[in-house]
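Trainee: quick one: sequence and predicted model below, then my questions.
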Amino acid sequence: MKRARDVRDQLEGLLERVEIELSSNPNDLDVIKKSITSGFFPHSARLQKNGSYRTVKHPQTVNIHPSSGLSQVLPRWVIYHELVLTTKEYMRQVTELKPDWLVEIAPHYYQMKDVEDPGSKKMPRGQGLASSQLGS
């Protein structure tokens, strides 16, 4: 948390220096998730019927690391920081995202066909219903 506070303070100083007004809404987690997505857009994955995930651009089967707060929630779409190979390929530092953000943020990388969600496919019971919490 100290590192996060230091980064925030640094960003606040930069905003002051270029005379941009600091404004924030602590209840708007989508803004935070969207900024994370803009930095890690190549690291997106979609939930599959079997409960695993499939990376979007370079299809690979991955799973949310068991230590993540989202490992029991299983949101439909996630963005992750890194992959770790143990018994399976695990995503670490994971958060939920909205697939249309990918096309909005990186139109040079994603097209609508990459993120269209075939609504007719059913998800495993109780999965794909992520809350609006940031994952770890």
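Mentor: Perfect, I can see it now. Residues are numbered from 1 along each chain as shown.
Trainee: longest helix anywhere in the protein?
Mentor: Using DSSP state H to define each element, the chain has its longest helix at helix 2-17.
Trainee: what's the next secondary structure element after that helix?
Mentor: helix 29-40 (DSSP states H and E).
Trainee: which strands and helices sit next to that next one?
Mentor: Judged by 3 or more CB pairs under 8 Å, 6 or more residues apart in numbering; DSSP states H and E, helix 29-40 is in contact with strand 77-85, strand 89-96, helix 99-105. All C-beta atoms are positioned from the backbone trio N, CA, C, and that covers glycine.
Trainee: and these, which is most packed in?
Mentor: strand 89-96 (a mean of 20; mean count of other CB atoms under 10 Å).
Trainee: partners of that one in the sheet?
Mentor: Strand pairing for strand 89-96, determined by DSSP bridges: strand 61-64 (parallel), strand 77-85 (antiparallel).
Trainee: what mean pLDDT does the last one have?
Mentor: Looking back up the chat, that one is strand 77-85. Per-residue pLDDT values over strand 77-85 give a mean of 96.
Trainee: how far does it sit from the chain's center?
Mentor: For strand 77-85, the gap between its own C-alpha mean and the chain's C-alpha mean amounts to 8 Å (CA atoms, centre = their mean, to the nearest Å).
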